[in-house]
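Engineer: okay, here's the prediction I keep looking at, along with the sequence it came from:
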Amino acid sequence: MNKHATSKWEARSFSTETGPSAPREHRSQQILKDLRVIYRAIQAHSKSVERRCQVSATMLRVLREIAKAGRMRISQVANTLAIHQSTASNLLDKLEQRGLVTRQRGGTDEDQRVVQVTLTNTGRELLTHPEVPESGPLSEALSRHSDEDLADLNHSLEKLVAALPAGELPREKELIDYVI
């Protein structure tokens, strides 16, 4: 959708080959083309973030979530990013090695099985650095859509994902680098 469009139909001027009454194959091809554009935009943003900030876009998102919450359990990080707990733990290992987060055993009830993650001063400083973007292009584009358009898009994407063969779905590791 363009910057000022208020509905999905205003964003693109349809020709007879790609409009609502277009043949199925033409619509499918346009959707595939649009998905490739979105994928490339996410990849480019992720590479740009890593080049400028020395952390991946995913790491940056984790740091923001921890900053917002103050402290998080590993399971909360996993739930927030919709990833497996072991993947979240590995991601937090990398952040800890860089001195951006610290882990402490014992939650509010002093249960030693609970591991709390907090930002270090270095992690907080990174988030205030001018090179660190507030959000990615996909998040920004979605924020300009109406609630109705978001609900329609969400419904359509859920149906598309549900129709994919299970063996064709990317593994978590393949997705983690592009969480925006």
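Structural biologist: Arrived safely.
Engineer: helix or strand with the lowest mean pLDDT in this protein?
Structural biologist: helix 172-176 (a mean of 48; mean pLDDT, DSSP states H and E).
Engineer: ranges for the strands of the chain?
Structural biologist: With DSSP state E applied, the chain shows strands at 72-73, 101-105, 115-119, listed in chain order.
Engineer: mind giving me the packing neighbours of the helix ranked longest in the chain?
Structural biologist: The helix that spans the most residues within the chain, counting by DSSP state H, is helix 24-53. In terms of contacts (3 or more CB pairs under 8 Å, 6 or more residues apart in numbering; DSSP states H and E), helix 24-53 is packed against helix 57-69, helix 137-143. Quick note: C-beta positions are derived from backbone N, CA and C, even for glycine.
Engineer: closest to Gly99 out of those?
Structural biologist: Nearest of the helices and strands packed on helix 24-53 to Gly99, taken as CB to CB: helix 57-69 at 11.9 Å.
Engineer: show me what the closest one is packed against.
Structural biologist: So helix 57-69, by 3+ CB pairs under 8 Å, 6+ apart, packs with helix 24-53, helix 74-81, helix 85-97, strand 101-105, strand 115-119, helix 121-128.
Engineer: show me which residues of the first one are buried.
Structural biologist: By neighbour count, and taking 16 or more other CB atoms under 10 Å as the criterion, the buried residues in helix 24-53 are Gln30, Ile42, His45, Ser46, Val49, Glu50, Cys53.
Engineer: include distance to Ser139 and pLDDT when you put the residues you listed into JSON lines, please.
Structural biologist: Listed next are these as JSON lines, based on distance: CB to CB, whole Å; pLDDT from 0 to 100:
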{"residue": "Gln30", "distance to Ser139": "23", "pLDDT": "92"}
{"residue": "Ile42", "distance to Ser139": "10", "pLDDT": "88"}
{"residue": "His45", "distance to Ser139": "10", "pLDDT": "88"}
{"residue": "Ser46", "distance to Ser139": "13", "pLDDT": "87"}
{"residue": "Val49", "distance to Ser139": "12", "pLDDT": "86"}
{"residue": "Glu50", "distance to Ser139": "17", "pLDDT": "88"}
{"residue": "Cys53", "distance to Ser139": "16", "pLDDT": "85"}
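Engineer: excluding chain neighbours, what is closest to Glu50?
Structural biologist: Distance criterion CB to CB, 6 or more residues apart in numbering; nearest residue to Glu50, sequence neighbours excluded, is Ser56 at 5.3 Å.
Engineer: picking that back up, mind checking which of the helices and strands packed on helix 24-53 is nearest Arg113?
Structural biologist: Nearest to Arg113, of these and by CB to CB, is helix 57-69 at 19.4 Å.
Engineer: work out the gap between the closest one and the centre of the chain.
Structural biologist: Between the centre of helix 57-69 and the centre of its chain there are 11 Å (CA atoms, centre = their mean, to the nearest Å).
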